[in-house]
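In: following is a predicted model, sequence given first.
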Amino acid sequence: MEHPASVDEYISAFSPEVQAILERIRSTIGHAAPGAEETISYNMPAFRMNGIVVYFAAFKKHIGLYPPVKGDAKLTKAMARYAGAKGNLKFPLDEPMPYESIERVVKARVKQLASQRSR
């Protein structure tokens, strides 16, 4: 997809099965980051609050989540199996989507951004 104008437009470009996953990820992120604003950045859905909380995107075989959390050893260890080579998280589409893990990552990012802002 080239240059989606909105998160709705981005999600609508995928198959119904992937749309359902993307909508649930969208909802999970919104719940974990109340008050965050949806936007499109780098042609991907993103949530912004004191900076970009996370980006998410669908690919042929996985859902990508950017950026991963830094500075939380427990969470980094828990997400290790999903760590991509380029500093992203890759959730395979042929496995159950770890929505609770996504929520943990988002909450950690919100906390990280808040602590950066208070410095």
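Out: Nice, thanks for sending it over.
In: point out where the protein drops to low pLDDT.
Out: For the chain, the stretches flagged by pLDDT under 70 are 1, 118-119.
In: going along the chain from the top strand by length along it, find the next helix or strand for me.
Out: Ordering each strand of the chain by length in residues (DSSP state E) puts strand 52-58 first. The helix or strand immediately downstream of strand 52-58 is strand 62-66, counting by DSSP states H and E.
In: give me the sheet partners of that next one and which way each runs.
Out: Sheet pairing for strand 62-66, assigned by DSSP bridges, gives strand 52-58 (antiparallel), strand 89-92 (antiparallel).
In: coming back round to it: what does the longest strand of the chain rub up against?
Out: When contacts are defined by C-beta atoms under 8 Å, 6 or more residues apart in numbering, strand 52-58 is touched by residues 14, 18, 21-22, 25-26, 29, 33, 36, 41-42, 44-47, 63-67, 105-106, 109-110, 113. C-beta here means a position set from N, CA and C on the backbone, and glycine is covered the same way.
In: make a PyMOL selection of whichever of those turn out to be buried.
Out: The command below creates a PyMOL selection of those among the contacts of strand 52-58 that count as buried (16 or more other C-beta atoms under 10 Å):
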select buried, resi 18+21+22+25+26+29+33+36+44+45+46+47+63+64+65+66+67+105+106+109+110+113
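In: just the contacts of strand 52-58: which are in helices?
Out: Among the contacts of strand 52-58, the residues falling in helices (DSSP state H) are 18, 21-22, 25-26, 29, 105-106, 109-110, 113.
In: out of the residues you listed, which is nearest to Pro92?
Out: Comparing the ones in helices among the contacts of strand 52-58 against Pro92 with C-beta to C-beta places Ile21 closest, at 11.2 Å.
In: now render the strands paired with strand 62-66 as JSON lines, adding distance to Glu100 and mean neighbour count.
Out: Putting the strands paired with strand 62-66 into JSON lines (distance: least, C-beta to C-beta, whole Å; neighbours: other C-beta atoms under 10 Å) gives the following:
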{"stretch": "strand 52-58", "distance to Glu100": "15", "mean neighbour count": "21"}
{"stretch": "strand 89-92", "distance to Glu100": "12", "mean neighbour count": "19"}
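In: ends of stretch 65-78, what's the gap?
Out: Using C-alpha to C-alpha, to the nearest Å, the gap from the first to the last residue of stretch 65-78 comes to 15 Å.
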